[in-house]
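1. give me a 3D structure for the following:
(4 chains)
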There are 2 protein chains.
Amino acid sequence: MEPNVYDRKCGSRQVLDRIGDRWSVLVVLTLADGVKRYGDLARRIDGISQKMLTQTLRGLERDGLLTREVHASVPPRVDYALTDLGRSLLDLVSGLEVWATSHLAEVEAARARYDAR
Amino acid sequence: MEPNVYDRKCGSRQVLDRIGDRWSVLVVLTLADGVKRYGDLARRIDGISQKMLTQTLRGLERDGLLTREVHASVPPRVDYALTDLGRSLLDLVSGLEVWATSHLAEVEAARARYDAR
DNA sequence: CAGCATCCTTGGCGATACTG
DNA sequence: CAGTATCGCCAAGGATGCTG
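-> This next block holds a predicted model:
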């Protein structure tokens, strides 16, 4: 039978949580244009803490959305890149980004209207 | 200038948070096929508490994604429906649902592989 | 550079009880 | 039926300090 996101015990619900996660979305978006180092990601994603970045990267790696490649060099260098599975999510998450930016004005207008009542 | 989701102070970041929110996604999805009453939503979305349902509905109403219509009857009846803005989000959120269900197996396989290392 | 470990706080969220 | 109000917890997440 089909997985059902409305069922809290269904794994698809957890998957939905992960791909909807604020930090996950931003990490995947940042990796859209290719391989990035840890520091690149940290610098690009404003407001993310080291802890959350590491945690998000591990979660995405565990779920098969990105790869983590450690280069034995001094200083250390770790590259992150989307897998095929991760890339299959790109249209969706960039769609979210586009929606958020392109409808921001409407949302803010709606808020102003709501708060003024 | 364009809103930028990478900037934590940009409103588009908050919008992204809202439309990515687990409960928001499920509420919008549930309203995809038309008007629903409070109880319908509560019953459909497994695991949501009254508090979170109300809170999510208020947030979505405030942001202009759905309308709340109170009917003065006994017993009370409150209808929720997507606005045009909310409907503009439908393709995206149902895309998320489809992705979550259709890639669930791959994600679980990746997890098993990761955990077995 | 790329983390890991630890402490600590906040507020998200559930549970419960009550109401128009 | 569709909420509001209150309490209480615990886990998400930030800040700091340390390391291979």
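2. next, the residue in chain A that DNA strand C sits nearest to: phi, psi?
-> Of all residues in chain A, A:Gly39 sits closest to DNA strand C, at 2.7 Å by CB to the nearest atom of the strand. (C-beta placed from N, C-alpha, C; glycine too.) The phi/psi pair for A:Gly39 (degrees, to the nearest 10) reads phi -60, psi -30.
3. now A:Val70
-> According to degrees, to the nearest 10, A:Val70 has phi -90, psi 130.
4. okay, now it: neighbour count?
-> For A:Val70, the tally of surrounding residues (other CB atoms under 10 Å in any protein chain shown) stands at 9.
5. check the secondary structure at the residue lying closest to it once chain neighbours are set aside for me.
-> Nearest non-adjacent residue to A:Val70, counting by CB to CB, 6 or more residues apart in numbering or on different chains: A:Val78, 5.2 Å away. Three-state assignment for A:Val78 (DSSP: H, G, I helix; E, B strand; the rest coil): strand.
6. pull up the per-residue confidence for A:Val78.
-> Looking at A:Val78, its pLDDT stands at 97.
7. and chain A, which residues reach DNA strand C?
-> Contact residues (CB under 7 Å from any atom of the strand) of chain A with DNA strand C: A:37-39, A:50-51, A:54, A:57-58, A:68, A:70, A:75-78.
8. distance of the residue nearest to A:Val70 from A:Asp40?
-> Computed with CB to CB, to the nearest Å, the distance linking A:Val78 and A:Asp40 is 10 Å.
9. what's the spacing between A:Val25 and B:Arg8?
-> 14 Å.
10. just want to know which of these two has more residues nearby.
-> Comparing A:Val25 with B:Arg8 by other CB under 10 Å, the one with more neighbours is A:Val25, at 25 against 12.
11. quick check: which element contains A:Ala112?
-> For A:Ala112, the host element (DSSP states H and E) is helix A:104-115.
12. does chain B sit close to that helix?
-> Yes. Counting by CB under 8 Å from any CB of the partner chain, chain B has neighbours in helix A:104-115: A:104, A:106-111, A:113-115.
13. highest neighbour count among those residues?
-> Counting by other CB under 10 Å, top hit in these: A:Val107 with 22 neighbours.
14. Serialize the residues of helix A:104-115 next to chain B to a markdown table and add fields for pLDDT.
-> Below are the residues of helix A:104-115 next to chain B laid out as a markdown table (pLDDT from 0 to 100):
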| residue | pLDDT |
| --- | --- |
| A:Leu104 | 97 |
| A:Glu106 | 97 |
| A:Val107 | 97 |
| A:Glu108 | 96 |
| A:Ala109 | 97 |
| A:Ala110 | 97 |
| A:Arg111 | 95 |
| A:Arg113 | 95 |
| A:Tyr114 | 95 |
| A:Asp115 | 93 |
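15. secondary structure element for the residue nearest to A:Pro3 when sequence neighbours are not counted?
-> Distances taken as CB to CB, 6+ apart put A:Ser12 closest to A:Pro3, at 3.8 Å, once the chain neighbours are dropped. For A:Ser12, the element it lies in under DSSP H and E is helix A:11-20.
16. measure how the helix holding A:Ala112 sits relative to helix B:11-20, angle-wise.
-> With axes from the mean of the first three to the mean of the last three CA atoms, to 10 degrees as the basis, helix A:104-115 and helix B:11-20 are set at 80 degrees to each other.
17. show me what helix A:104-115 is packed against.
-> helix B:11-20, helix B:50-62, helix B:84-87 (3 or more CB pairs under 8 Å, 6 or more residues apart in numbering or on different chains; DSSP states H and E).
18. all good on my end, thank you.
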